[in-house]
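Engineer: What shape does this take:
(2 chains)
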Amino acid sequence: MVSSEDRAYNAAHPSTSPSSLGDVTFTQAGTFDLAMGPADYQDLVTTHRDRVFTFAMYTLRHREDAEDVTQDVMIRLWHHRRRLDPDRVGAWLSRVTRNACYDLTRRRKVRRAVHPADPGPQLEIAVSDLPTPDESAEAAEFRQRLDVALAELAEPHRSIVVLREIQGMSYQEIAEAVERPLNTVKVYLHRARRMLRHALAEEENHVRAS
Amino acid sequence: MFEHPKVRTLPRMSPEHGGPGDGCQVVDELLEPYVDGDLEPTACRRVDRHVAACAACAEQLRIAQRVRTTLRALPPQVCPPSVDLSPPAGRLERLGTTLVSWTRWPRPPIWAATAAVALIAAVLSIGHLERSASAPAQFPIVAETEFAVPGQAKDQVARAEAEVKLALAYLGRIGSRTGNIVAQDVLEARIAGPIARTVRKALMPPAAPPPSSDEVIR
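Structural biologist: Model (predicted):
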């Protein structure tokens, strides 16, 4: 269905069609100009695809689902490209990715409730399995244990940790992505890291005791 | 600077310094903001003093720092190139372009509206004549009594108008099934509206203006 915005655009640009549009420009209002073509979209995809995939992967712990979510998010980016603020594309993408992951998780739960015998997708508990070359065995083990503890965190703590610590987003961007006030985000982040610390300290104590 | 709500109520450390006391519990909540540098200087100094004397909290601080460092070193994942992220220029986009071209039709000229009215009126008249021939006429035919009796002519007009509206409503319903834009922008705004206005103008001449105040006085 064609929106009133699209109709207004077509009335103002009768000779152009969406497939033959030129370079992206920014209007004074800070939104993308309507002339954003496939090449500009591809630039955005190149910039953000790994970030979206990483977020989905650490949230869902399933490669194929994360790929599906990334594809879905990028299609939404294409459809919303005329209404996005270029300064907030990152936060917008994170929010959409998070919602898409929620939807998928909810569908998994419903499926499990309807078909109890269905084991569901095989989740990768530790996303970062392989040790890096300059990493000791003990450090790699700590990293894997941290990864497992991260997978067990509840929302929105896990999303905030991933967005802040792995993706390196600012508090403001995270607040927009998870739709919480900025101070709440800071408190949640500290609380989440405290939970991780307690989980790892407890595990270390068990190891020492045994 | 992040202001933790418990920073002002930081109690003194337990005298034993070996196990967790009240001070340890509070410091436990302050370690993450401390590691991030988000604490006020006063609270920082208190945490420093406590950690220097408490081995358990020093160990917790070490783990907190390591958690932060390791989290930041967790590897970002690379989206496989096999995932197709090209713009979805498929059927939906083409359908959108088609609908846009529909809505950009030029407004039909007045003769088109007149021709449409004439065509619909002719079709309805033929149908009406056929029905009148087969059944006893309840309404006199327009051609025989055209405006001879004003009341009857009005009945004819009202009936014809109702039939036109019915036909257009039917068309509109088909239009709404194929898309609301077609129904609203094309049928109603560009066909039904002009036809209704033309019929009203042709059959219902505007009433004479009220006499002016001068005429009334005379």
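Engineer: What score does residue A:122 have for pLDDT?
Structural biologist: On pLDDT, residue A:122 comes in at 61.
Engineer: Which residues does the helix or strand hosting residue B:193 contact?
Structural biologist: Using DSSP states H and E, residue B:193 sits within helix B:193-203. Contacts to helix B:193-203, defined as Cβ atoms under 8 Å, 6 or more residues apart in numbering or on different chains, come from residues B:108, B:110, B:113-114, B:116-117, B:120, B:157, B:160-161, B:164-165, B:168. Any C-beta I mention is one placed from the backbone N, CA and C, and that applies to glycine too.
Engineer: buried residues in it?
Structural biologist: B:194-196, B:198-199 (16 or more other Cβ atoms under 10 Å in any protein chain shown).
Engineer: and these as CSV, adding distance to residue B:84?
Structural biologist: Shown next, in CSV, are the buried residues of helix B:193-203 (distance: Cβ to Cβ, whole Å):
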residue, distance to residue B:84
B:194, 47
B:195, 49
B:196, 50
B:198, 53
B:199, 55
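Engineer: any idea which of those is the one closest to chain A?
Structural biologist: residue B:194 (20.4 Å; Cβ to the nearest Cβ).
Engineer: if I look at that closest one, how far off is residue B:170?
Structural biologist: 18 Å (Cβ to Cβ, to the nearest Å).
Engineer: Show me which pair in the contacts of helix B:193-203 is furthest apart.
Structural biologist: Farthest apart among those by Cβ to Cβ are B:108 and B:157. That separation is 23.7 Å.
Engineer: Helix or strand for residue A:177, just tell me which one.
Structural biologist: helix A:171-178.
Engineer: should've said residue A:47
Structural biologist: helix A:38-60.
Engineer: what's the very next helix or strand once past that helix in contact with?
Structural biologist: Next along the chain after helix A:38-60, taking DSSP H and E as the criterion, comes helix A:63-79. With Cβ under 8 Å, 6+ apart as the test, helix A:63-79 has contacts from A:41, A:44-45, A:48-49, A:52-53, A:56-57, A:60, A:84, A:89, A:93, A:96-97, A:100-101, A:104, A:121, A:124, B:77, B:79-80, B:83-85, B:87-88.
Engineer: from the middle of its chain, how far away would helix A:63-79 be?
Structural biologist: Its chain's C-alpha centre and that of helix A:63-79 lie 10 Å apart, by Cα atoms, centre = their mean, to the nearest Å.
Engineer: so for it, what's the average pLDDT?
Structural biologist: On average, helix A:63-79 scores 89.
Engineer: State the next helix or strand along the chain beyond that helix.
Structural biologist: Past helix A:63-79, the next helix or strand by DSSP H and E is helix A:89-114.
Engineer: quick one, that following helix and helix A:38-60 angle?
Structural biologist: For helix A:89-114 against helix A:38-60, the angle by axes from the mean of the first three to the mean of the last three Cα atoms, to 10 degrees is 50 degrees.
Engineer: does helix A:89-114 come close to chain B?
Structural biologist: No. Interface with chain B: helix A:89-114 contributes nothing (Cβ under 8 Å from any Cβ of the partner chain), its closest point being 11.9 Å away.
Engineer: what's the spacing between residue A:59 and residue A:160?
Structural biologist: 11 Å.
Engineer: So these two - more neighbours on which side?
Structural biologist: residue A:160 (28 against 23; other Cβ atoms under 10 Å in any protein chain shown).
Engineer: Which elements pack onto the helix or strand hosting residue B:52?
Structural biologist: Residue B:52 belongs to helix B:41-53 when assigned by DSSP H and E. Judged by 3 or more Cβ pairs under 8 Å, 6 or more residues apart in numbering or on different chains; DSSP states H and E, helix B:41-53 is in contact with helix B:22-36, helix B:55-73.
Engineer: Just give the nearest non-adjacent residue to residue A:98, would you?
Structural biologist: residue A:159 (5.6 Å; Cβ to Cβ, 6 or more residues apart in numbering or on different chains).
Engineer: check contacts around that neighbour.
Structural biologist: With contact set as Cβ under 8 Å, 6+ apart, residue A:159 has these partners: A:55, A:59, A:98, A:177-178.
Engineer: now residue B:72, nearest residue through space, not along the chain?
Structural biologist: In space, residue B:72 is closest to residue A:165, 5.4 Å off (Cβ to Cβ, 6+ apart).
Engineer: For the one you found, which residues are in contact?
Structural biologist: Residue A:165 makes contact with B:68, B:71-72, B:74, according to Cβ under 8 Å, 6+ apart.
Engineer: Using a markdown table, lay out those residues together with pLDDT and neighbour count.
Structural biologist: Below are those laid out as a markdown table (pLDDT from 0 to 100; neighbours: other Cβ atoms under 10 Å in any protein chain shown):
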| residue | pLDDT | neighbour count |
| --- | --- | --- |
| B:68 | 91 | 17 |
| B:71 | 88 | 20 |
| B:72 | 88 | 11 |
| B:74 | 84 | 19 |
